[in-house]
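**Student:** below are the sequence and a predicted model; questions follow.
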Amino acid sequence: MNMQMKYIYIVFIVLFLFVVLPQSAFAKFHIIELDPQGATNYGAVSINNRSQVVGTYSVLTSPSHGILWHNGVFTDLGTLGGTVSSAWDINNEGQIVGDSTPSIFGLSQPYIWDKNVMKGLESLGTYSEARGINNKGDIVGTCYYPSDVTHVCMWHDNKISDIGTLGGTKGRGSKINNKGQITGGSSTSGPPGGAFIWYKGAFTNLGTLGGSSSFGFGINYKGQVVGFSDTTSSETHGFLWNKGAMKDLGTLGGNYSKAYAINNSGEIVGDSLTSDSHYHAFLWKNGKITDINPMESTESHAYGINDKGQIVGVISKSTDTLFHPVIWSPF
């Protein structure tokens, strides 16, 4: 083979690698498995800047409990006296929020877990749930009332406040940043929407990608919001809302995506259907969506990302039918 032919061959191979192979082949991550020993059902949903991860696990048919992973150590968060608990978010101080039953027959109650102690939070209506916490200890969630009415609620200094909705009868709070800005979803009394920012007593409807509804899952310090929205073609796509404009994040080839979290650098994670109808975790960065599904996994979902770029979620394995909690840690 002469030098010209060798050059053409090399160029062809390079083009093949970058165009034909899936984007996941170039995702630079080390996969850290978090499986608690003996657990048969588990999930990981949030990671802080200390690489502490929270989620939920159970063993066989036993009730599920919230769990904390850190440096290879698993801590069962326990309950408020009942049999079930779940953990949904952790801040950089190591404070965790979630829900637990206070007794065998009691309704779920929100809690904060701090310094190895689980403490119940105040509720409004029939019951309430906690979903997000910022580094100041402010908490956001949802209050449930009779007649299928739900409102966004928040806790400041462990005191609960009902902050309402976008005008409809249903509202849910997802996350709160260190400025006190809250995002979530709400029904409206007028224009299409659902995803919102609440700040200093006022709701802002973030609109949609052309469809009838949307929902905000994550918010960073800059007030950038991610979530999902209906599109004009009746598909569901993840979005980034920034400075008054909602951007479609696209998909990994299918007709579905959702964005669950955004860090302070604007890196976004979520999941999407691929062209062959599998759910794969993605990272959206610098305007590009990248498949981060591990090569050995047929399905994955990414739910949280910290400011170090570490991602938390779940993956499937060929050895069983379970989802396994993992950290995608950048090299």
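**Tutor:** Looks like it came in fine.

**Student:** where does pLDDT dip in this structure?
**Tutor:** 1-27, 104 (pLDDT under 70).

**Student:** what about 90?
**Tutor:** For the chain, applying pLDDT under 90 flags the ranges 1-28, 35-42, 58-62, 103-107, 158, 189-193, 295-296, 317-322, 331.

**Student:** quick one: the helices in it, in order.
**Tutor:** Along the chain, the segments classed as helices by DSSP state H run 3-19.

**Student:** roughly how far apart are residue 192 and residue 249?
**Tutor:** Distance of residue 192 to residue 249, computed by CB to CB, to the nearest Å: 19 Å. Where you see a C-beta, it was placed from the backbone N, CA and C, and this is true even at glycine.

**Student:** those two - which one has more neighbours?
**Tutor:** residue 249 (22 against 15; other CB atoms under 10 Å).

**Student:** contacting residues around that one?
**Tutor:** Neighbour list for residue 249: 226, 237-240, 257, 259, 268, 270, 284, 289 [criterion: CB atoms under 8 Å, 6 or more residues apart in numbering].

**Student:** residue 78: which of these is nearest?
**Tutor:** The closest of the contacts of residue 249 to residue 78 turns out to be residue 270 (CB to CB; 30.6 Å).

**Student:** OK, contacts around that closest one?
**Tutor:** Here residue 270 is in contact with 226, 238, 249, 257-261, 281-282, 284, 302 (CB under 8 Å, 6+ apart).

**Student:** now it, nearest residue through space, not along the chain?
**Tutor:** Spatially, and ignoring its direct neighbours in sequence, residue 270 is nearest to residue 259 (4.0 Å; CB to CB, 6 or more residues apart in numbering).

**Student:** swap in residue 329?
**Tutor:** Leaving aside its sequence neighbours, residue 329 sits nearest to residue 30 (CB to CB, 6+ apart; 4.8 Å).

**Student:** ok, that neighbour touching residue 326?
**Tutor:** No - if you go by CB atoms under 8 Å, residue 30 and residue 326 don't touch, sitting 10.1 Å apart.

**Student:** quick one: the residue nearest to residue 329 from residue 328, how far?
**Tutor:** 8 Å.

**Student:** for those two, indicate the residue with more neighbours.
**Tutor:** residue 328 (25 against 10).

**Student:** was I right about that one contacting residue 29?
**Tutor:** Yes - counting by CB under 8 Å, residue 328 touches residue 29, with 4.2 Å between them.

**Student:** okay, and the common contacts of the two?
**Tutor:** Residues touching both residue 328 and residue 29 by CB under 8 Å, 6+ apart: 292, 311.

**Student:** from residue 316, how far out is residue 234?
**Tutor:** Computed as CB to CB, the residue 234 to residue 316 distance reads 28 Å.

**Student:** the more surrounded of those two?
**Tutor:** Higher neighbour count among residue 234 and residue 316: residue 316, with 20 against 10, using other CB under 10 Å.

**Student:** that one contacts residue 299, correct?
**Tutor:** Yes - Residue 316 is in contact with residue 299 according to CB under 8 Å; the separation is 4.3 Å.

**Student:** which non-adjacent residue is nearest residue 103?
**Tutor:** residue 82 (5.1 Å).

**Student:** list the contacts of that neighbour.
**Tutor:** If you count contacts by CB under 8 Å, 6+ apart, residue 82 has them with 100-104, 106.

**Student:** please pick the buried ones from the residues you listed.
**Tutor:** 100-101 (16 or more other CB atoms under 10 Å).

**Student:** how about the contacts of residue 82, which pair is most distant?
**Tutor:** The span of the contacts of residue 82, defined through CB to CB, is set by 100 and 104 at 12.1 Å.

**Student:** since that was my last question, I'll sign off now.
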